[in-house]
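Asks: Generate a structure from the sequence data that follows.
(one chain, ligands or ions: 1)
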Amino acid sequence: MLTHAQMNIAPSSSFFSSAAGGDSAAAFFGTKNCFTGGLTVAPLDPHTLNEIESYVAPIYRLADSDPSDALAPATLSLKLLGTRPKMVPLVSQGTIALVKGQWRIYIRSGTPWPRARWIAGHELAHWWFKRIGYTGPDLEARCDAPGAALIVPRPVLVQVHSKPGDDVRAIADELKTTQSLALLRVSEVTGRPGAVLRRAGPIVRGEPCGHLPLEYGKRVLHPSVKRVPITDEEQRTGVVAA
Ligand SMILES: [Zn+2]
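Replies: Just a heads-up that it's a prediction; the model follows:
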């Protein structure tokens, strides 16, 4: 049984290792009036994000662990599913499938390891939502959030963020994750508006600020917006409230 996207599973190599993907530049934070871009993705509302955050502790408990000691996604997978993620040729970035009665996570071969870690978290979220019976239309967006929260639990982010400050690259390196995930996770945990602008549309986190001005993003500068270069994935730009 397949729970995610169309894919060709051709079991091959073993586990693991990854980074993030998309586009553009400035947002208009620090005001109640935000631009509305054309190619935007509605952000998850704060209530939903809080709800998702509340899943982290019970999932870690199921793995006999505590969120203050972040587990590698491969370890989480082993403890929760009984299997480690596998790198295989896939059409999609990743998937979780029930194979001979056992859930298995598959990740596309060649995925850089920081991104592979997040994809494993995303697929574990699919397993969790299936377990609690959630099948809403926003399932994919919902799986992105716990995918990040599972591999960078709140107490871990707080601890790391208190050291490198706003240096997204340093935070990402320390957390062994992508710069996009680091930026968005800081915004989730601190509330400071932040976004990753990509070709597929922005991902927005933090205090409510509406959508981002994709059409103007590369041209508009505003004192309330600070650009954050994202160097580990192509065609992405980070922005945070200055
Ligand atoms: Zn998915």
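
Asks: Can you pull the poorly scored residue ranges out of the protein?
Replies: 1-43, 208-224 (pLDDT under 70).

Asks: Can you point out the buried residues in stretch 70-83?
Replies: Buried positions in stretch 70-83, judged by neighbour count with 16 or more other Cβ atoms under 10 Å: 70, 71, 73, 74, 76, 77, 78, 80, 81. Heads up, the C-betas are built off the backbone N, CA and C, glycines and all.

Asks: who's in contact with the residue positioned nearest the centre of the chain?
Replies: With distances taken as Cα atoms, centre = their mean, residue 148 lies nearest the centre of the chain, 4.1 Å away. Shown in contact with residue 148 (Cβ atoms under 8 Å, 6 or more residues apart in numbering): 118, 121, 177, 181, 184, 185, 188.

Asks: Over to the closest residue to the second one other than its chain neighbours. Which of the three states is it?
Replies: Here the nearest residue to residue 121 in space, its sequence neighbours aside, is residue 147; by Cβ to Cβ, 6 or more residues apart in numbering that works out to 3.5 Å. State at residue 147, reduced to three classes by DSSP: H, G, I helix; E, B strand; the rest coil: helix.

Asks: Name the residues of the longest helix seen in the chain that are buried.
Replies: Longest helix of the chain, by residue count under DSSP state H: helix 113-132. The neighbour-count check on helix 113-132 (16+ other Cβ under 10 Å) flags 113-130 as buried.

Asks: what about the nearest residue to residue 122 once chain neighbours are set aside, how many residues close to it?
Replies: Leaving aside its chain neighbours, residue 122 sits nearest to residue 147 (3.5 Å; criterion: Cβ to Cβ, 6+ apart). For residue 147, the tally of surrounding residues (other Cβ atoms under 10 Å) stands at 24.

Asks: one step back: columns distance to residue 192 and secondary structure on top of the buried residues of stretch 70-83, output as CSV?
Replies: Formatted as CSV, these follow (distance: Cβ to Cβ, whole Å; DSSP: H, G, I helix; E, B strand; the rest coil):
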residue, distance to residue 192, secondary structure
70, 21, coil
71, 27, coil
73, 26, helix
74, 31, helix
76, 27, helix
77, 31, helix
78, 34, helix
80, 31, helix
81, 34, helix
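
Asks: okay but residue 74 is in contact with residue 120, surely?
Replies: Yes. In this structure residue 74 lies within contact range of residue 120 using Cβ atoms under 8 Å: 6.7 Å.

Asks: ok so, going back, just checking, the residue nearest to residue 121 touches residue 124?
Replies: Yes. Assessed by Cβ under 8 Å, residue 147 is found in contact with residue 124 at 7.2 Å.

Asks: Need the outlier residue of this structure, farthest from its centre.
Replies: By Cα atoms, centre = their mean, the chain has its most distant residue from the centre at residue 100, 29.0 Å.

Asks: roughly how far apart are that one and the ion?
Replies: According to Cβ to the ion, to the nearest Å, residue 100 stands 22 Å off from the ion.

Asks: next one: residue 66
Replies: Distance, residue 66 to the ion, using Cβ to the ion: 26 Å.

Asks: Do I have it right that that residue meets residue 56?
Replies: No. In terms of Cβ under 8 Å, residue 66 does not count as a neighbour of residue 56; the distance is 10.2 Å.

Asks: For the ion, see how far away residue 51 is.
Replies: Residue 51 is 18 Å from the ion, by Cβ to the ion.

Asks: Mind listing what's buried along the helix or strand where that residue lies?
Replies: Element membership of residue 51 [criterion: DSSP states H and E] is helix 46-62. Under the neighbour-count criterion of 16+ other Cβ under 10 Å, helix 46-62 has 49, 52, 53, 55, 56, 59, 60 buried.
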